[in-house]
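Student: curious how this folds, go ahead:
(one chain, ligands or ions: 2)
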Amino acid sequence: MTLEHFDVGIIGAGPAGLSAAFALKAGGKSVVIIEEYLWGGTCPNYGCDPKKMLLAAVEAKDQVEHLAGAGVVGDVKLDWTTLMRHKMAFTEPITARKIVGLDEAGIAHRYGHAEFVDDQTVQLPGNTIKANNWIIATGARPARLDVPGDHYLLDNEDFLNLATMPDEITLIGGGFIAIEFANIALAAGAKVHLVLKHDVVLRGFDRDMVATMVAEMTAKGVNFQFMFDTDTVTQTADGRVTLHATDGRTLTVAAAFLAAGRKGNTDQLNIEAAGVQVEGNGIKVDEYLRTTTEHIYAVGDVANLPVPKLTPTSSAEARYVAGHILNPANGPMVFPATPVVVFGSPKLGEVGITEAVALTQGYSIESFDMSHWMGYYRNLEPVAQAKVILDQQGVIVGASVLAAHADELINYFTSAINRKQTQADMRKEMYSYPSLGSDMTAFMGGGMD
Ligand SMILES: Cc1cc2nc3c(=O)[nH]c(=O)nc-3n(C[C@H](O)[C@H](O)[C@H](O)COP(=O)(O)OP(=O)(O)OC[C@H]3O[C@@H](n4cnc5c(N)ncnc54)[C@H](O)[C@@H]3O)c2cc1C
Ligand SMILES: NC(=O)c1ccc[n+]([C@@H]2O[C@H](COP(=O)([O-])OP(=O)(O)OC[C@H]3O[C@@H](n4cnc5c(N)ncnc54)[C@H](O)[C@@H]3O)[C@@H](O)[C@H]2O)c1
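Tutor: Ligands and ions are numbered 1, 2, ... in the order given. Take a look at the predicted model:
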């Protein structure tokens, strides 16, 4: 058993833990980071990045199908095995690359499950580590249904590592993961069902755009089953999985995947020994992201904060905490406008205030059909819509975009919100031509010059 001492110890090497480690090391602290599974955490190994790798093929297929009326001929099919190889070429080197990066920066790294012994001491197999400050960055894991037969259900990591795409799948949930994975599985040729405990798809997003998205997915064959409250899961003799709902409905498919939210990894850390408290679905933190024990912070998916649980928010919280440890006089964490994107076909991006909130505030809403913009028309995109929310002074305070490039377009609006720009200000920007940026400056608030 070895005993080591560092200025700062970090538990969890996802986007949050790693961002904190590099920022603290650059600030002159001795740092150790502990990981029990894959270095890099959820996002690059079994979250955002592998999903977007797979999405490349889905986007190419969509584009060919849309251009069927413009000279592109032939059926496009996804070869899942080759696509998966493409994804693996990206994901497999991640752990090794992260370790090289830590070594090059001089950040100590230890492998194993970490648990608190007291508010300065953490134990992992064969090693005890003391640090003046600890940062808990342990992320979250898929919420289980905890019903009989729950163990037959697969999760996001299983989906993103599927050797073959099953003929028929169910996604349990109606949020980000369910919509995104449905889109991928559908393009790969699976029959797709979505079962929702309630009747709201993508809660909190623009209702008109979600309705359009659901209609598009339904037209492509996705079966939405609402108010489907799974109380038992069983397996058939030939290895298929049956979901049984409380109202007697059943659904039998080749594989069923959990997409019913995520649970903060708070329960296997012995945090009580460090005086750290849990609140809601994560660790209780104050406006400085300090836990109930002042010299221990929590960041990323595991922190109970009212912001979307995303990679950019996790990294921003971590950089903030590093700054606070380096300079305790720093003020509270302030979040800039935060864009969220659901990577469907098309994608749904939102930032700032939504239409539902705008209507209660007396703000104005401008709606755009972008399908005739050259950037969309040239691809014959069937759906391309935007809504911009303006306050009483005409300053942009929110936007929703439902379109193939919503993930990029929403960034323009995010910048505009952070810079407190009006539509007229956005029109003054000079962008490359012809591009979606130049389309936007041309059409935003008044049409073509
Ligand atoms: C399928 C999917 C798709 C997603 N897509 C997007 C997207 O497109 N865009 C986006 O912004 N976000 C996306 N997210 C969310 C994003 O992945 C997370 O917000 C982000 O990874 C959170 O970072 P984190 O560092 O807080 O946690 P994590 O990345 O989960 O890292 C936490 C790490 O801590 C380790 N750990 C936990 N407990 C211990 C312990 N006791 N000892 C040692 N190590 C421990 C874990 O093994 C893990 O590696 C997606 C998530 C999923 C599941
Ligand atoms: N593009 C992105 O940025 C992205 C993509 C994927 C995941 N994520 C992150 O990961 C988190 C988890 O994603 P998610 O889709 O699992 O969660 P989510 O919170 O987005 O959606 C959960 C869904 O499951 C439903 N649900 C809950 N219990 C259920 C049950 N027993 N049966 C059926 N439905 C049930 C909810 O009503 C909701 O529709 C997201 O909230 C987000 O923070 C982000």
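Student: and the residue of this protein nearest ligand 2?
Tutor: Gly175 (1.9 Å; CB to the nearest ligand atom). (Glycine included, C-beta is placed from N, CA and C.)
Student: where along the stretch 151-300 of the chain do the helices fall?
Tutor: 156-160, 176-187, 207-219 (DSSP state H, counting those that start in this stretch).
Student: can you list contacts of the helix or strand hosting Arg141?
Tutor: Using DSSP states H and E, the element containing Arg141 is strand 140-142. Contact with strand 140-142 is made by 42, 155-156, 258-265, 281-282, 301-302, 309, as judged by CB atoms under 8 Å, 6 or more residues apart in numbering.
Student: gap between Pro332 and ligand 1?
Tutor: 20 Å (CB to the nearest ligand atom, to the nearest Å).
Student: is it true that that residue touches Tyr288?
Tutor: Yes - look at Pro332 against Tyr288 with CB atoms under 8 Å: they come within range, at 5.8 Å.
Student: get me the contact residues on the stretch 151-300 of the chain for ligand 2.
Tutor: Proximity of the stretch 151-300 of the chain to ligand 2, by CB under 6 Å from any ligand atom, involves residues 172-178, 180, 195-198, 230, 259-262.
Student: buried subset of those residues?
Tutor: The neighbour count (16 or more other CB atoms under 10 Å) marks 172-178, 180, 195-197, 230, 259-260, 262 as buried among these.
Student: OK, contacts around the residue nearest to Gly275 when sequence neighbours are not counted?
Tutor: Counting by CB to CB, 6 or more residues apart in numbering, Gly275 lies nearest to Thr293, which is 4.3 Å off, once chain neighbours are set aside. Thr293 makes contacts with 119, 274-276, as judged by CB under 8 Å, 6+ apart.
Student: tell me the pLDDT of Thr293.
Tutor: Per-residue pLDDT puts Thr293 at 98.
Student: cool, Met448 as well?
Tutor: If you check Met448, the pLDDT there is 42.
Student: so what's the spatially most central residue of the chain closest to, chain neighbours aside?
Tutor: Central residue of the chain (CA atoms, centre = their mean): Leu310, 4.7 Å from the mean position. In space, and not counting its chain neighbours, Leu310 is closest to Val340: 6.7 Å by CB to CB, 6+ apart.
Student: how much space between that neighbour and ligand 1?
Tutor: 8 Å.
Student: list the beta-bridge partners for that residue.
Tutor: Per DSSP bridges, the residues bridged to Val340 are Glu350.
Student: my guess is it meets Pro308, correct?
Tutor: Yes - the pair Val340 / Pro308 is scored as a contact, 5.1 Å apart, by CB under 8 Å.
Student: who has more neighbours, these two?
Tutor: Between Val340 and Pro308, counting by other CB atoms under 10 Å, Val340 is the more crowded of the two (19 against 15).
Student: show me what the lowest-mean-pLDDT helix or strand in the chain is packed up against.
Tutor: Ranked by mean pLDDT, DSSP states H and E, the weakest helix or strand in the chain is helix 436-443, scoring a mean of 89. The helices and strands touching helix 436-443, judged by 3 or more CB pairs under 8 Å, 6 or more residues apart in numbering; DSSP states H and E, are helix 374-377, helix 406-418, helix 423-428.
Student: tell me the angle that helix makes with helix 406-418.
Tutor: On the basis of axes from the mean of the first three to the mean of the last three CA atoms, to 10 degrees, helix 436-443 is oriented at 50 degrees to helix 406-418.
Student: residue contacts, Pro308?
Tutor: Neighbouring residues of Pro308 by CB under 8 Å, 6+ apart: 338, 340.
Student: so it, which state does it fall into?
Tutor: At Pro308, secondary structure determined by DSSP: H, G, I helix; E, B strand; the rest coil is coil.
Student: gap between it and ligand 1?
Tutor: For Pro308 relative to ligand 1 (CB to the nearest ligand atom), the value is 8 Å.
Student: quick check: Leu289 touching Tyr320?
Tutor: Yes - contact status for Leu289 versus Tyr320: in contact at 6.5 Å, counting by CB under 8 Å.
Student: can you check which residues contact both of the two?
Tutor: Joint contacts of Leu289 and Tyr320 (CB under 8 Å, 6+ apart) are 299, 333.
Student: tell me the secondary structure at Gly331.
Tutor: Under three-state DSSP, Gly331 comes out as coil.
Student: do the one 5 residues further on as well
Tutor: The three-state label given to Pro336 by three-state DSSP is coil.
Student: wait, it sits on Ser415?
Tutor: No - counting by CB under 8 Å, Pro336 stays clear of Ser415, with 9.8 Å between them.
Student: returning to that earlier point: anything in the strand holding Arg141 sitting right up against ligand 2?
Tutor: No - with CB under 6 Å from any ligand atom as the criterion, ligand 2 is not reached by strand 140-142; the gap is at least 6.6 Å.
Student: helix or strand for Leu18, which one?
Tutor: Taking DSSP H and E as the definition, Leu18 sits inside helix 15-26.
Student: may I have whichever helix or strand comes after that helix as CSV, with CA atoms only?
Tutor: Using DSSP H and E, the next helix or strand after helix 15-26 towards the C-terminus is strand 31-35. This file holds the C-alpha atoms of strand 31-35, laid out as CSV (Å, rounded to 0.1, in the frame of the first residue of the first chain):
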residue,chain,number,x,y,z
VAL,A,31,-2.4,17.0,-9.7
VAL,A,32,-3.5,13.4,-9.7
ILE,A,33,-6.5,12.1,-11.7
ILE,A,34,-8.1,8.7,-11.0
GLU,A,35,-10.1,6.7,-13.5
